[in-house]
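[1] return a 3D structure for these sequence lines:
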Amino acid sequence: MDLLDSWWAIIRDGIYHIQPIQFVIIGLLFGFMTSSIVSAIFSAIMASVVYVAVDVLRPVIFEHKVFALPVFDTPFWNFFLSLSFAFLVVTVAVYIVKSIIGSFRG
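    Predicted coordinates:
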């Protein structure tokens, strides 16, 4: 049970730092590109990479700040893990809805 509590603490702390509009846009884009459950895992990881890239490049483009890579420490990897898990949930949900609608169409 302690292991489950530890994982939940990591996921919960990471989810609190997700920006919802950016998350929804990237999640829906990668969810619509998903063609199977296996590709949903790859899509979730790639969506996390794109999310971090957008998060790093947005201040450079819009606020003309200096480019700085994120610090790849334990909190970053905890955030990346929770972000990947959240994107996995979204991509699988979009894939299932897309499959159900596709089965109605024939």
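[2] what sits against the residue nearest the centre of the chain?
    Nearest to the mean C-alpha position of the chain, by Cα atoms, centre = their mean, lies residue 87 at 3.6 Å. By Cβ atoms under 8 Å, 6 or more residues apart in numbering, the contact list for residue 87 reads 23, 26-27, 30, 43-45, 47-48, 51. C-beta: built from backbone N, CA, C; applies to glycine.
[3] now the strand or helix carrying it, how far from the centre of its chain.
    In the assignment (DSSP states H and E), residue 87 maps to helix 74-105. Averaging C-alpha positions (Cα atoms, centre = their mean, to the nearest Å) puts helix 74-105 7 Å from its chain's average.
[4] chain center to the worst-scoring helix or strand of the chain on mean pLDDT, what's the gap?
    When each helix and strand of the chain is scored by mean pLDDT, DSSP states H and E, helix 2-15 comes last, with a mean of 75. Remark: helix 2-15 is offset 16 Å from the chain centroid, using Cα atoms, centre = their mean.
[5] can I get that helix in CSV, CA atoms only?
    C-alpha atoms of helix 2-15 as CSV (Å, rounded to 0.1, in the frame of the first residue of the first chain):
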residue,chain,number,x,y,z
ASP,A,2,2.9,2.3,0.7
LEU,A,3,4.1,1.9,-2.9
LEU,A,4,0.7,2.8,-4.2
ASP,A,5,0.6,5.9,-2.0
SER,A,6,4.0,6.9,-3.2
TRP,A,7,3.0,6.6,-6.9
TRP,A,8,-0.3,8.5,-6.2
ALA,A,9,1.7,11.3,-4.5
ILE,A,10,4.0,11.7,-7.5
ILE,A,11,1.0,11.7,-10.0
ARG,A,12,-1.0,14.1,-7.9
ASP,A,13,1.8,16.6,-7.5
GLY,A,14,2.6,16.5,-11.2
ILE,A,15,-1.1,16.9,-12.3
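[6] who are the packing partners of that helix?
    Applying 3 or more Cβ pairs under 8 Å, 6 or more residues apart in numbering; DSSP states H and E, one finds that helix 2-15 makes contact with helix 74-105.
[7] in the helix it packs on, which residues are buried?
    For helix 74-105, a neighbour-count test (16 or more other Cβ atoms under 10 Å) marks 78-80, 82-88, 90-92, 94-95 as buried.
[8] cool, thanks, signing off.
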